[in-house]
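*Asks:* sequence? don't have it. structure:
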């Protein structure tokens, strides 16, 4: 394979302008974005991305999970494509860069190859994975999970949002359900560019994160049942308080994660309280515990300990309890060859870099099971993400996109 030269770079201004243009779709209330999956805003963002891809000479594929695949042909029709991408959907109070940088960085890669008249042996495909965030329809990384066979498509179609609307119905409603069989595509390699979503790169003064591993995850959905009762007239010793049970179980999740240090985290991030009235003792609470670790033994231990501790708390307070998994993947070790391509690209471009373990889940974590995969990360201000105040600089975006360009072009084999 021929390595591209150090002057082989993307157009940083064009990338930034593209990011800002996409951010106009589904604006948030505080400067970020609310472009949740399978909403009208998601459909509008997809249409803009498709328009840009076609203008760059790409053909667009669309599978039955709504995953988008923009293909730049290679010189060898039999060569498997190199895939690159991330997601365009956001959190309800999301930033302008989480996921979006990876998709539009891939688009800029294609545009730059066109500008430079560079051909590759392998086709290059820019991907927008459906429902990476998992906010509206749990679990996260849903469509890439179906792509690799982790979930069935029927199960995914039946996922419901808070209003009872199904994934399958909403995908059809917004007009982005394709005919292509999900998972039929074969990959030579996959690269995902993403903001770090953590503070390490900025704190260490590094330009690039070379992601070697990804944390494993358990999402445990806990349903605690007690008895609705008046807060003013029910004696303390006669209450069956589901809210109190959740409070103690939340503390238990924190204690268990702390007991598994280092390289383990846990918290309750989502809860629904019923009937959610200020003068009614909660009769039911549904909440999700999020445990993560790059160490499978620790991840397994945290789940097991939590289930025992939560049941003990429920029994002590006379509460009912069910715990179900609403999301899981084992820790990930990314492909050594792809990781080396990323590291070598940063070196070639004179960019400071360091190895990272991704604290968040990404579509790359699933795709790693079916194709050689790696990730490139850039810093984000104060490590803030899943927040409308999420911020990166134009220079950070350009540097990371240049690393992506080099790693992908080298892997796709430059011709000539």
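*Replies:* Here it is on my side, so go on. Being a predicted model, the structure only gives us computed values, none of them experimental.
*Asks:* Now do the least confident helix or strand in the chain by mean pLDDT: distance to the chain's middle.
*Replies:* Of all helical and strand segments in the chain, the minimum by mean pLDDT, DSSP states H and E falls on strand 320-329, at a mean of 93. Strand 320-329 has its C-alpha centroid displaced from the chain centroid by 20 Å (C-alpha atoms, centre = their mean, to the nearest Å).
*Asks:* for that strand, which positions count as buried?
*Replies:* Buried positions in strand 320-329, judged by neighbour count with 16 or more other C-beta atoms under 10 Å: 321, 323, 326, 327, 329. C-beta here means a position set from N, CA and C on the backbone, and glycine is covered the same way.
*Asks:* where do the helices sit along the stretch 151-300 of the chain?
*Replies:* 153-157, 167-173, 200-204, 242-259, 296-317 (DSSP state H, counting those that start in this stretch).
*Asks:* Out of those helices, which gets nearest to residue 405?
*Replies:* helix 200-204 (19.1 Å; C-beta to C-beta).
*Asks:* which helices and strands sit right next to the closest one?
*Replies:* Helices and strands touching helix 200-204, by 3 or more C-beta pairs under 8 Å, 6 or more residues apart in numbering; DSSP states H and E, are strand 208-214, strand 353-358.
*Asks:* try it again with 10 Å
*Replies:* Secondary-structure packing of helix 200-204 (3 or more C-beta pairs under 10 Å, 6 or more residues apart in numbering; DSSP states H and E): strand 208-214, strand 353-358, strand 373-378, helix 394-412.
*Asks:* Let me know the average pLDDT across the first one.
*Replies:* If you average the pLDDT over strand 208-214, you get 97.
*Asks:* Each with direction, which strands does it pair with?
*Replies:* Strand 208-214 has its sheet partners listed here by DSSP bridges as strand 332-333 (antiparallel), strand 353-358 (parallel), strand 373-378 (antiparallel).
*Asks:* roughly how far apart are the closest residue to residue 38 other than its chain neighbours and residue 242?
*Replies:* Of all residues not flanking residue 38 in the chain, residue 170 sits nearest, at 4.0 Å (C-beta to C-beta, 6 or more residues apart in numbering). From residue 170 over to residue 242 the distance is 31 Å, taken as C-beta to C-beta, to the nearest Å.
*Asks:* Repeat that for residue 156.
*Replies:* Counting by C-beta to C-beta, the gap from residue 156 to residue 242 is 30 Å.
*Asks:* these two touch, right, residue 349 and residue 403?
*Replies:* Yes. Taking contacts as C-beta atoms under 10 Å, residue 349 lies within contact range of residue 403: 6.5 Å.
*Asks:* neighbour count winner among these two?
*Replies:* residue 403 (32 against 20; other C-beta atoms under 10 Å).
*Asks:* before we move on, back to that, shared neighbours of residue 349 and residue 403, anything?
*Replies:* Taking C-beta atoms under 10 Å, 6 or more residues apart in numbering as the contact rule, residue 349 and residue 403 both touch 207, 208.
*Asks:* For stretch 38-56, list every residue counted as buried.
*Replies:* For stretch 38-56, using 16+ other C-beta under 10 Å, the buried residues are 38-39, 41-46, 48-50, 52-53, 56.
*Asks:* same question, stretch 132-147
*Replies:* Neighbour count says stretch 132-147 has 132-147 buried, by 16+ other C-beta under 10 Å.
*Asks:* and what of stretch 83-100?
*Replies:* Buried residues in stretch 83-100, counted by 16+ other C-beta under 10 Å: 83-100.
*Asks:* Endpoints of that stretch, how far apart?
*Replies:* Terminal residues of stretch 83-100 lie 16 Å apart, using C-alpha to C-alpha, to the nearest Å.
*Asks:* next one: phi and psi at the spatially most central residue of the chain?
*Replies:* The centroid of the chain falls nearest to residue 362 when counting by C-alpha atoms, centre = their mean (3.7 Å). As for residue 362, its main-chain torsions (degrees, to the nearest 10) stand at phi -140, psi 160.
*Asks:* Local confidence estimate at it?
*Replies:* pLDDT, read off for residue 362, is 95.
*Asks:* Can you list the residue ranges for helices in the stretch 1-150 of the chain?
*Replies:* 12-23, 40-55, 100-115, 142-147.
*Asks:* Just put these in JSON lines and tack on mean pLDDT.
*Replies:* Below are the helices of the stretch 1-150 of the chain laid out as JSON lines (pLDDT from 0 to 100):
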{"stretch": "helix 12-23", "mean pLDDT": "98"}
{"stretch": "helix 40-55", "mean pLDDT": "98"}
{"stretch": "helix 100-115", "mean pLDDT": "98"}
{"stretch": "helix 142-147", "mean pLDDT": "98"}
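*Asks:* which one of the ones you listed lies closest to residue 204?
*Replies:* helix 100-115 (19.9 Å).
*Asks:* that older thread, now the helices and strands packed on helix 200-204 in a markdown table, please, with extra columns for distance to residue 180.
*Replies:* As requested, these are exported to a markdown table (distance: least, C-beta to C-beta, whole Å):
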| stretch | distance to residue 180 |
| --- | --- |
| strand 208-214 | 27 |
| strand 353-358 | 29 |
| strand 373-378 | 21 |
| helix 394-412 | 22 |
